[in-house]
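Participant: Sharing a sequence plus its predicted fold:
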Protein chains: 2
Amino acid sequence: MAVNDILARVGDKWSVRVVLALTDGSQRFNQLRRDIPGVSQRMLTRTLRGLERDGLVSRTVTPSVPPRVDYALTALGRSLCDPVARLGNWAIENIGKVEAARAVFDGEQD
Amino acid sequence: MAVNDILARVGDKWSVRVVLALTDGSQRFNQLRRDIPGVSQRMLTRTLRGLERDGLVSRTVTPSVPPRVDYALTALGRSLCDPVARLGNWAIENIGKVEAARAVFDGEQD
DNA sequence: CGGTATCCCCGCCGATACTG
DNA sequence: CAGTATCGGCGGGGATACCG
């Protein structure tokens, strides 16, 4: 199903991080890289390309030395912020319960 | 980050499908399998185990012939329905825009 | 019916090196 | 600074076969 396809992008962990990182305004490539711990250059590039392809993020090149590229959420991307933030908030609020459940489940395995 | 870990589960496409399929009430294994097009037995089993481990889904075995196993959302799982549904609704509402953006982006590649 | 076990392919992803 | 290119490991995920 096609919706699955969208959820795959939207549910992707790096995509979520990028969208959240761009919520407060546009960012340059290496700034995003610093803002998102653990992301490799390759994955950040790929994630940004995917988001750009899906019309969620815009890419603005300023030809200068050194070159400057700014990424920002499009209107469509901003409309995604709220649902993503809700999911993120759910995760933050319930991480304790989930980890407790995992500990119980893993402990039950004799 | 641990929240990433939760989002990985929550954003997983099969997990999303299972949660949505269980929103209306408990389901048996093969019923879920029919409700979720494209899922293999292996992946359904794995997804359900993961959700059970995270305390989102409960598994109830009725020893009979033939055996019967019912899956249902826990309270924690139900609390996840709303955020997930919002994300799903966003996907449904905006799939047209995303696909249009993809067509433009792919067409631009000379 | 509701699984588990095995095989195997493929795409994700990090690491590293190179480019404009 | 902002990428692309390439390699290699690892895990996702389908196909198939078998079990209680």
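Facilitator: The structure has been received and is ready for your questions.

Participant: Tell me if the longest helix belonging to chain A is near chain B.
Facilitator: Counting by DSSP state H, the longest helix found in chain A is helix A:75-108. Yes - under the criterion of Cβ under 8 Å from any Cβ of the partner chain, chain B is reached by helix A:75-108 at A:76, A:79-80, A:82-84, A:86-92, A:94-95, A:97-102, A:104-106. Any C-beta I mention is one placed from the backbone N, CA and C, and that applies to glycine too.

Participant: Of these, grab the buried ones for ChimeraX.
Facilitator: This is how ChimeraX selects the buried members of the residues of helix A:75-108 next to chain B, with burial counted by 16 or more other Cβ atoms under 10 Å in any protein chain shown:
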select /A:76,80,83,84,87,88,90,91,94,97,98,101
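
Participant: In chain A, what residue comes closest to DNA strand C?
Facilitator: When distances are taken as Cβ to the nearest atom of the strand, chain A reaches nearest to DNA strand C at residue A:43, 3.4 Å away.

Participant: For the one helix or strand that residue maps to, which residues meet the burial criterion?
Facilitator: Here residue A:43 sits within helix A:41-53, counting by DSSP states H and E. Residues A:43-44, A:47-48, A:50-53 are the ones in helix A:41-53 that count as buried (16+ other Cβ under 10 Å).

Participant: re the thing from before, helices or strands next to the longest helix of chain A in the packing?
Facilitator: Under the contact definition 3 or more Cβ pairs under 8 Å, 6 or more residues apart in numbering or on different chains; DSSP states H and E, helix A:75-108 sits against helix A:13-22, helix B:2-11, helix B:41-53, helix B:75-108.

Participant: still on that earlier bit, residues in contact with the residue of chain A closest to DNA strand C?
Facilitator: Taking Cβ atoms under 8 Å, 6 or more residues apart in numbering or on different chains, we find residue A:43 in contact with residue A:14.

Participant: can you rerun that using 10 Å?
Facilitator: Residues in contact with residue A:43 (Cβ atoms under 10 Å, 6 or more residues apart in numbering or on different chains) are A:12-14, A:18, A:33, A:36.

Participant: Where does pLDDT dip in chain A?
Facilitator: Applying pLDDT under 70 to chain A picks out residues A:1-2, A:109-110.

Participant: Pull up the residues of it that are close to DNA strand D.
Facilitator: By Cβ under 7 Å from any atom of the strand, the part of chain A that sits against DNA strand D consists of A:28-31, A:41-42, A:45, A:48-49, A:59, A:66-69.

Participant: 6 Å instead?
Facilitator: Those residues of chain A that sit near DNA strand D, judged by Cβ under 6 Å from any atom of the strand, are A:28-30, A:41-42, A:45, A:66-69.

Participant: Just the buried ones from the residues you listed, in PyMOL syntax?
Facilitator: Command for PyMOL that selects the buried part of the residues of chain A next to DNA strand D, burial taken from 16+ other Cβ under 10 Å:
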select buried, chain A and resi 29
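
Participant: what's the closest of the residues of chain A next to DNA strand D to residue B:8?
Facilitator: Set against residue B:8, the nearest of the residues of chain A next to DNA strand D by Cβ to Cβ is residue A:42 (18.6 Å).

Participant: now the helix holding residue A:43 and helix A:2-11, what's the angle there?
Facilitator: Interaxial angle of helix A:41-53 relative to helix A:2-11 (axes from the mean of the first three to the mean of the last three Cα atoms, to 10 degrees): 130 degrees.

Participant: and helix A:41-53 with helix A:75-108, angle?
Facilitator: Interaxial angle, helix A:41-53 versus helix A:75-108 (the same axes, to 10 degrees): 130 degrees.
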